[in-house]
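Trainee: dropping the sequence and predicted coords here.
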Amino acid sequence: MTFDYDLFVIGAGPGGLAAAKKAASYGARVAIAEKEAIGGTCVNRGCVPKKLIVQAADFALKNQIALSYGWSDCKTYFDWTKFIKSVDKHIDSIQDSYLKQLQEAGIELIRGHASFTDAHTIDIDGRKYTADKILIAVGGYAVKPKISGIEYALTSREMFHLPYLPKRLVIIGGGYIGVEFASMMNAFGCEVTVIDKDETILSGFDIDIRRGVQQGLSKRGIRFINNSMVKEIKYLEERLLLIVGESRKTVPADTILVAVGRAPNTKNLGLEKAGVELEQKGTIKIDEYNRTTVENIFAVGDCTSSPQLTPVAKAQGNAFANTIFGKKEQKINYDEVPSAVFSRPEGSGVGLTEAKAREKFGDSVKFYRHHFQPLSSLTNESEQATMKLIVEGDSERVLGAHMVGENAADIIQSLAVAIRKGITKEDLDESIGIHPTVGEEFLDLS
Ligand SMILES: Cc1cc2nc3c(=O)[nH]c(=O)nc-3n(C[C@H](O)[C@H](O)[C@H](O)COP(=O)(O)OP(=O)(O)OC[C@H]3O[C@@H](n4cnc5c(N)ncnc54)[C@H](O)[C@@H]3O)c2cc1C
Ligand SMILES: NC(=O)c1ccc[n+]([C@@H]2O[C@H](COP(=O)([O-])OP(=O)(O)OC[C@H]3O[C@@H](n4cnc5c(N)ncnc54)[C@H](O)[C@@H]3O)[C@@H](O)[C@H]2O)c1
């Protein structure tokens, strides 16, 4: 049987784009469908605009301590609307460069909502396209808890297009998104409250990172209501009121962000027509090569149960294309996936947390931890940094590294490669650092 394409990709986010480009580089005839903006969540309403807002907020934070560095006090004004226009312009330029890359690679971009008609056929607005292999890379969407009044709450998607800066922001969920927005909006002068169902924010990170980030943000004036769930949201006398916990404590807000996790975009895809099976949470069931329950259909990124991170989606897209079109079998090792929360203070980690290491290796696990004040600050109020190394056995093989503090993401990124290669604590001790930096502290933990 002949097909229109060798590969049809649904979704032009990081996972779909990586797979399409890699497959085309092996000579495959590729089409990619996108119903919204090219670049997906990451470029349009995730990592990219988020990191730019983090940087804008950093000016505000640096300005607060500039006096102690000899700068004179001068009036500053932040124009949110002007800034968001610059962000949108930057995103447009990324989209243009992606379009150019697709053109140069000979990949056909088809705009519209794609759904399966059968295992080899995709329908977009009534037009049918056939392909030998199909890759599902449709990403996910923000989940909203089913409580009365939740329609008043925004998701991260709308936060990037706020027409104003909120005065009183309440965030439901203290995960990556909640914590990053709490940090950025607080720096811009908003009064921020975070409500999380757990005892400490940032579930999944090492406990010292969770505590360190929460303490750092609390010092900045962010209020945390932990071990709590919002029961109801009301609109009363031109303001919003959140009813929290069994005690039905009320928390006022003018803007509410809900960030309690993301679910896969697997509805309205016609997956049942192709025979693709889902897991309980609606994620697509895949094997270690990202193959679904149907031989010629694959899935990558946030629509699967893998870590919801751009580099993971990209790695899966590349590995899929290498295996299927490059004839180079490639599986992903998910053991040492680094990640970071871009709050101030920044938190990051790679490998096992202390708790996970103890679960796996019991009493042979040890940790080294150092809390210190980095040289980069002259003020007493400055944040402390924390570094933590989890090691195992007599060889002290490094199982995990975790950090809170300036450049935590970049420092952990560099260590991630070494940890993946199986380094020991002694290897770190024997390495020579760069002075004066924060990163050198990882080479001198006792
Ligand atoms: C606020 C926020 C901040 C984030 N920050 C970071 C960060 O700092 N670092 C990090 O690593 N990760 C971050 N992430 C996560 C990251 O954005 C995702 O993990 C990544 O985008 C997943 O890539 P993907 O290709 O699987 O899906 P997506 O990027 O979601 O792309 C899927 C694409 O498929 C399209 N699509 C869906 N259904 C169809 C259909 N039926 N037909 C046609 N097209 C369709 C969608 O329109 C979308 O463009 C963040 C996420 C959010 C929400
Ligand atoms: N820097 C990054 O890499 C980055 C940034 C943003 C998003 N992301 C990705 O996007 C995903 C989604 O982010 P997210 O922040 O929405 O989810 P998350 O899973 O990171 O955090 C959800 C938080 O909400 C809390 N929660 C759940 N239900 C609740 C409820 N009803 N009331 C109060 N709290 C509740 C949880 O305890 C948890 O702390 C992340 O898992 C991450 O993979 C990554």
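Mentor: Thanks, I have the structure now. Ligands and ions are numbered 1, 2, ... in the order given.
Trainee: and this structure, which residues reach ligand 1?
Mentor: When proximity is defined as C-beta under 6 Å from any ligand atom, the chain approaches ligand 1 at 10-16, 33-36, 40-42, 46-47, 50, 113-114, 137-139, 156, 177, 265, 269, 301-302, 308-311, 313. (Glycine included, C-beta is placed from N, CA and C.)
Trainee: give me that answer again for 5 Å
Mentor: Taking C-beta under 5 Å from any ligand atom as the test, the list of the chain residues beside ligand 1 reads 11, 13-15, 33-36, 40-42, 46-47, 50, 113-114, 137-139, 156, 177, 265, 301-302, 308-310, 313.
Trainee: which residue would you name as the spatial centre of this protein?
Mentor: The central residue of the chain, meaning the one whose C-alpha is nearest the mean C-alpha position (C-alpha atoms, centre = their mean), is L309 at 4.9 Å.
Trainee: which residues does that residue contact?
Mentor: Neighbour list for L309: V337, S339 [criterion: C-beta atoms under 8 Å, 6 or more residues apart in numbering].
Trainee: how close does it get to ligand 2?
Mentor: L309 sits 5 Å away from ligand 2, taking C-beta to the nearest ligand atom, to the nearest Å as the criterion.
Trainee: ditto for D6
Mentor: Taking C-beta to the nearest ligand atom as the measure, D6 and ligand 2 are separated by 31 Å.
Trainee: now do the helices in the stretch 301-446 of the chain.
Mentor: Per DSSP state H, counting those that start in this stretch, the stretch 301-446 of the chain carries helices over the ranges 310-324, 354-361, 408-420, 425-430.
Trainee: nearest residue to L242 in space, please, no chain neighbours.
Mentor: Taking C-beta to C-beta, 6 or more residues apart in numbering as the measure, L242 lies nearest to V251, with 4.5 Å between them; neighbours along the chain are not counted.
Trainee: now do the one you found, the pLDDT please.
Mentor: Per-residue confidence (pLDDT) for V251: 97.
Trainee: likewise for S377?
Mentor: 64.
Trainee: can you add mean neighbour count and give the helices of the stretch 301-446 of the chain back as CSV?
Mentor: Converted to CSV, those look like this (neighbours: other C-beta atoms under 10 Å):
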stretch, mean neighbour count
helix 310-324, 23
helix 354-361, 15
helix 408-420, 19
helix 425-430, 15
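Trainee: take the ones you listed and lay them out in TSV including distance to Y368.
Mentor: Conversion of the helices of the stretch 301-446 of the chain to TSV gives the following (distance: least, C-beta to C-beta, whole Å):
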stretch	distance to Y368
helix 310-324	27
helix 354-361	11
helix 408-420	13
helix 425-430	7
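Trainee: make a markdown table from these and add distance to S228 and mean pLDDT to it.
Mentor: Listed next are those as a markdown table, based on distance: least, C-beta to C-beta, whole Å; pLDDT from 0 to 100:
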| stretch | distance to S228 | mean pLDDT |
| --- | --- | --- |
| helix 310-324 | 31 | 98 |
| helix 354-361 | 22 | 98 |
| helix 408-420 | 27 | 97 |
| helix 425-430 | 39 | 97 |
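Trainee: H161: which of those helices is closest?
Mentor: Taking C-beta to C-beta as the criterion, H161 comes closest to helix 310-324 out of the helices of the stretch 301-446 of the chain, the separation being 20.7 Å.
Trainee: as a check, name the ranges of all helices in the stretch 1-150 of the chain.
Mentor: With DSSP H, counting those that start in this stretch as the criterion, the stretch 1-150 of the chain has helices at 14-25, 40-45, 47-65, 80-105.
Trainee: need those in CSV with mean pLDDT and distance to K146, can you?
Mentor: Listed next are the helices of the stretch 1-150 of the chain as CSV, based on pLDDT from 0 to 100; distance: least, C-beta to C-beta, whole Å:
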stretch, mean pLDDT, distance to K146
helix 14-25, 98, 29
helix 40-45, 98, 23
helix 47-65, 94, 27
helix 80-105, 97, 31
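Trainee: need the winner for burial among those helices.
Mentor: The densest packing among the helices of the stretch 1-150 of the chain, expressed as mean neighbour count by mean count of other C-beta atoms under 10 Å, is seen in helix 14-25 with a mean of 26.
Trainee: that one vs helix 47-65, what angle?
Mentor: Relative orientation of helix 14-25 with respect to helix 47-65: 130 degrees, computed using axes from the mean of the first three to the mean of the last three C-alpha atoms, to 10 degrees.
Trainee: helix 14-25 to helix 80-105, inter-axis angle?
Mentor: The directions of helix 14-25 and helix 80-105 differ by 20 degrees, with the same axes, to 10 degrees as the criterion.
Trainee: please name the nearest non-neighbouring residue to the closest residue to ligand 2 within the chain.
Mentor: For the chain, the nearest residue to ligand 2 under the criterion C-beta to the nearest ligand atom is G175, separated by 1.7 Å. Among residues not flanking G175 along the chain, A259 sits closest, at 6.2 Å (C-beta to C-beta, 6+ apart).
Trainee: can you pull the contacts of the one you found?
Mentor: A142, T155, S156, I171, I172, G173, G175, Y176, I177, G178, F181.
Trainee: what sits against the residue lying closest to the first one once chain neighbours are set aside?
Mentor: Same thing as A142. If you skip the residues right next to it in sequence, A142 has T155 as its closest partner in space, 3.7 Å away by C-beta to C-beta, 6+ apart. Contacts were defined as C-beta under 8 Å, 6+ apart; by that measure T155 touches Y141, A142, K144, L257, V258, A259.
Trainee: from these, pick the one nearest S395.
Mentor: Of all those, A259 has the smallest distance to S395: 40.5 Å, by C-beta to C-beta.
Trainee: show me how far stretch 222-229 is from its chain's centre.
Mentor: For stretch 222-229, the distance between its averaged C-alpha position and the chain's averaged C-alpha position is 22 Å (C-alpha atoms, centre = their mean, to the nearest Å).
Trainee: which other residues reach it?
Mentor: Under the criterion C-beta under 8 Å, 6+ apart, residues 145, 174, 182-183, 186, 192-201, 214, 217-218, 244-245, 249, 251 lie in contact with stretch 222-229.
Trainee: and the end-to-end length of that stretch?
Mentor: Taking C-alpha to C-alpha, to the nearest Å, the first and last residues of stretch 222-229 lie 18 Å apart.
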